[in-house]
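Compute the structure for the input listed below.
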Amino acid sequence: MTLSVSVRQAVGPEDAARRNTQGLRDGFVIEGLFRPGEVNLTYSHLDRMIVGGVAPTDKNLEIGHVAETGTDSFLERREAAVINIGGAGTVSVGGRDHSLGFQEAIYIGMGEGALGFASDDPATPALFYILSAPAHRTCPTVHITREMARKVHLGSAEESNHRTINQYVHPDVCESCQLLVGLTMFEPGSVWNTMPAHVHDRRMEVYLYFGMAAATRIFHFMGEPGETRHVVLKNHEAVLSPGWSIHSGAGTGRYAFIWAMAGDNMSFTDMDKVPMDALR
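The predicted model follows:
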C-alpha cells in the first residue's frame, strides 16, 4: 500500500503577493489527491489541517500511523471527516464498517483507531475525501447523509450564484471539536461561489472542487482583498485558504465543491465581509 504525505508550511500575505503562478500553486494548491490504490495526505500548518484522498481499487487501504502527527496513531489526538464523491464504498473505523454512498459522509471522533477504506466495485471506485484537525475531546462518530445535512439556500440566478449549502459537520447536525464541513451545489447557469467575498482571521478554510467535466476549469481567487491573485483549478483539485485570504471562484461549467474549516470559532456565520469596492 502507498501512503504519501506532503507538508505545506504557512504562507504569509506579503510572500503570497510576490509569488508567480507556480509559486502560488506550490503554496496553496493540492493536486493528485485520488490516485488509484493510494492514500495521499497533505499536512498543512494552517491550523494543522490534514487534507487527503483515498481511492481504493481491488485492495483495501488503511490509515493507521502518520509520522507527521507525532502520535502513535493517526486519530490519537485528532478528529476527522470523510466524504465519498465516487462509487459506493466502506469506511472502517476502529474495526467497525460504515457503508458510504455518493455524497455521504462520516464524522469520526478522536481516538477511534485505524481507518480502513474499500470500494464495493473496483470498476467504479469510491473516492474518499478526508479532512482532519486536532481535537481536545472525543465526539461521537456519526454517519451523515445529504438528507441529514443542514440546508442553507443563498444567491440568485440574476447574480449567477444560486446555490445550496449542505452543512454536514455542523453543530446542528453532529458534534465536533473544531471541524466544520459542507458541500455546496449550484443551480444550472450559476457559476460564482462565495462572492461577495469574505475573510475570517479566526480559522482557515480549504476547498475541493469536483463534479466537473474534463475541460471545465475554476478560476479561484485568493489573496488579501486589496491584493488579489488567482489560480486555475481542474476537477478534484483542492486549494488552501489562510485566514487573511479571500476564497472565491467562478467556473467555466458546472461544478460543486466541499469546504472545510478549522480554527477558533465554530460559528459558520463568523466572517468579515469584503465590500466589492475594496477588492483589487
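
Please enumerate the strands of the stretch 51-200 of the chain.
61-63, 78-84, 89-93, 96-100, 105-108, 115-119, 128-134, 142-144, 150-154, 163-169, 180-186, 192-193, 198-199 (DSSP state E, counting those that start in this stretch).

In TSV, list the ones you listed along with mean pLDDT, mean neighbour count and distance to residue 10.
All C-beta spots, glycine's among them, are computed from the backbone N, C-alpha and C. Compiled in TSV, those are given as follows (pLDDT from 0 to 100; neighbours: other CB atoms under 10 Å; distance: least, CB to CB, whole Å):
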stretch	mean pLDDT	mean neighbour count	distance to residue 10
strand 61-63	97	20	24
strand 78-84	98	26	19
strand 89-93	98	21	30
strand 96-100	97	15	32
strand 105-108	98	26	26
strand 115-119	98	24	26
strand 128-134	98	25	15
strand 142-144	97	19	30
strand 150-154	96	12	30
strand 163-169	97	22	23
strand 180-186	97	22	20
strand 192-193	96	22	24
strand 198-199	95	17	15
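
Reformat the ones you listed into TSV and put distance to residue 20 next to each item.
Output for these, formatted as TSV (distance: least, CB to CB, whole Å):
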stretch	distance to residue 20
strand 61-63	34
strand 78-84	32
strand 89-93	39
strand 96-100	39
strand 105-108	36
strand 115-119	37
strand 128-134	29
strand 142-144	40
strand 150-154	34
strand 163-169	32
strand 180-186	29
strand 192-193	25
strand 198-199	23
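
Select, out of those, the one closest to residue 40.
strand 128-134 (9.5 Å; CB to CB).

Which strands and helices lie in contact with the closest one?
strand 50-54, strand 78-84, strand 256-263 (3 or more CB pairs under 8 Å, 6 or more residues apart in numbering; DSSP states H and E).

now stretch 264-271: how far from the chain's centre is it?
Centroid displacement of stretch 264-271 relative to its chain, using CA atoms, centre = their mean, to the nearest Å, is 16 Å.

That's all I had, so thanks and see you.
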